[in-house]
Structures are given as C-alpha cells and as structure tokens.
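**Q** pasted the sequence and its predicted model underneath.
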Amino acid sequence: MKKTILCVTIMLFAICNVNAQDSPDNDLPKTSEISTNLLDLVVAGTLNFNYERLFKQNQSLYLGVNLFDTYGYYDAGYIEESTALSFNAAYFIYFSKEKDHAGFFFYPQLKLRTGEVTVSDYYYYDDVINSTVENEFTYDVGGFSAGFGIGHKWMFSNKFTLTLKGDIARNLGNFDTDYLENIELRFGVNFGYRF
C-alpha cells in the first residue's frame with residue numbers, strides 16, 4: 001500500500017511539473033535581451049556583444065563589449081589591425097505606451113575604450129626597387145566618452161528584435177586630436193533575442 005501511494009504521489013508530482021513547464025512563453029515576463037551590431041561588424045570589423053536588462057516602465061540598462069573596436073568609422077576601409085577594446089553602458093528610455101520595451105527610444109551613454117588601431121596610411125610604387133611600398137600609421141583610440149542616442153526597436157514573435165540606432169559622443173579627458181576628432185558618430189543595426 002505504501003508503494004502504491006508513493007507511486008501515485010510521484011506520478012501526480014511529475015504531471016504537475018510537466019503542466020507547469022508547458023505554459024506558453026508569452027505568459028512569462030521577459031527580462032533580458034542579448035544582441036549584436038551587424039553594421040559595425042560589416043563596416044569596421046568590430047565584433048560586439050550587448051546585454052540589455054529590462055526594467056518596469058519601459059526602461060532598461062544596456063551594457064556592451066566591443067572587440068577590435070575603431071573610432072567611429074574613421075579609416076574603416078584602411079584598417080590593418082585593431083587591438084582596441086571598449087565597454088559601453090546606456091540607459092534606454094522607451095516612449096511607447098502600447099509596446100513592451102519596443103518602439104522609439106532615447107538613451108544617455110558612457111564609453112571606455114583602450115587600445116590602438118593600425119591603418120594603411122598610403123602606398124606608392126617605388127621604381128628603384130620595382131615594388132609597392134606601403135606605409136602604416138598607428139594611433140591610440142583609448143579614452144572616455146559621454147553622449148546620447150536615439151533609435152527604434154521592432155519585436156518579432158515576441159522573441160527576436162531588430163534595432164536601428166545612432167549615437168553621438170564627445171571624448172573627455174586626454175585624447176589625441178591631431179588625427180581624430182573630439183566627436184564620434186556611431187550607428188547600429190542590432191539583431192537580438194529576448195528571453
């Protein structure tokens with residue numbers, strides 16, 4: 001009798017557990033999103049990973065890591081090597097009252113970058129050695145910047161996101177202005193997954 005009660009209890013527990021796991025995904029609140037900026041990857045060769053923590057009242061904290069970063073899209077077609085690494089943080093404020101963390105948004109942002117970028121500065125053909133000579137130039141892109149941006153996010157199947165955004169930031173502190181400008185423009189076409 002004890003074995004029968006134990007078996008029935010285990011079966012009821014298993015059925016309840018299966019039913020609890022079968023609840024649709026739409027009923028569970030989604031609080032996180034991961035994304036990557038494919039425009040940066042194609043244009044500048046920057047690989048980035050972004051995490052967005054969704055809060056109430058259509059606000060979120062956005063954290064990103066950029067590998068092989070560049071300064072905006074400066075010298076994008078001439079980059080030979082990039083050792084730059086950057087971390088950025090932004091606070092997204094969504095303006096839609098009907099959509100959950102989607103639609104038009106505004107964000108203030110901070111960015112910390114370290115590393116160097118080597119570009120193919122110019123090349124010429126040397127008649128004496130019958131060869132092409134290429135000069136490279138390396139510049140430091142390290143520094144701290146602050147700015148803001150705007151964008152729009154679309155949701156698909158309540159899981160996937162497409163974001164178009166643009167931001168502008170000003171470099172603060174020591175920065176080599178002989179080669180680079182103090183103002184950096186950046187654009188994004190982010191594809192993400194919300195969970």
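**A** Arrived safely, thanks for sending. Numbers count the residues shown, from 1 in each chain.
**Q** show the contacting residues for residue 58.
**A** Shown here is residue 58, whose contacts under the criterion Cβ atoms under 8 Å, 6 or more residues apart in numbering are 93-96, 100-101. Backbone N, C-alpha and C define where each C-beta goes, glycine included.
**Q** next one: residue 30
**A** The contact partners of residue 30, by Cβ under 8 Å, 6+ apart, come to 54, 158, 194-195.
**Q** give me the neighbour count for residue 65.
**A** Residue 65 is surrounded by 14 other residues when neighbours are defined as other Cβ atoms under 10 Å.
**Q** no no, residue 139
**A** A count of nearby residues for residue 139, using other Cβ under 10 Å, gives 16.
**Q** and what of residue 36?
**A** The number of residues packed near residue 36 is 18, by other Cβ under 10 Å.
**Q** again with residue 185
**A** By the other Cβ under 10 Å criterion, the neighbourhood of residue 185 contains 14 residues.
**Q** report the secondary structure element holding it.
**A** Residue 185 belongs to strand 183-194 when elements are defined using DSSP states H and E.
**Q** partners of that strand, with directions?
**A** According to DSSP bridges, the neighbouring strands of strand 183-194, each with its direction, are strand 32-37 (antiparallel), strand 160-172 (antiparallel).
**Q** what residues are up against residue 188?
**A** Counting by Cβ under 8 Å, 6+ apart, residue 188 makes contact with 37, 39-40, 151, 163-167.
**Q** from those residues, which would you call buried?
**A** Among these, those buried by neighbour count (16 or more other Cβ atoms under 10 Å) are 37, 39-40, 151, 163, 165, 167.
**Q** among the contacts of residue 58, name the buried ones.
**A** Those of the contacts of residue 58 that meet the buried threshold are 94, 101, by 16+ other Cβ under 10 Å.
**Q** could you say which helix or strand contains the closest residue to residue 59 other than its chain neighbours?
**A** Closest residue to residue 59 apart from its sequence neighbours, by Cβ to Cβ, 6 or more residues apart in numbering: residue 93 at 5.6 Å. For residue 93, the enclosing helix or strand under DSSP H and E is strand 85-94.
**Q** which positions within that strand qualify as buried?
**A** Along strand 85-94, these residues count as buried under the neighbour rule (16+ other Cβ under 10 Å): 85-86, 88, 90, 92, 94.
**Q** pLDDT averaged over it - what is it?
**A** Strand 85-94 shows an average pLDDT of 98 in the prediction.
**Q** which outside residues touch the helix or strand just after that strand?
**A** The first helix or strand that comes after strand 85-94 along the chain, using DSSP H and E, is strand 103-114. If you take Cβ under 8 Å, 6+ apart as the criterion, strand 103-114 is touched by 62, 66, 69, 71, 84-96, 141-153, 167, 169.
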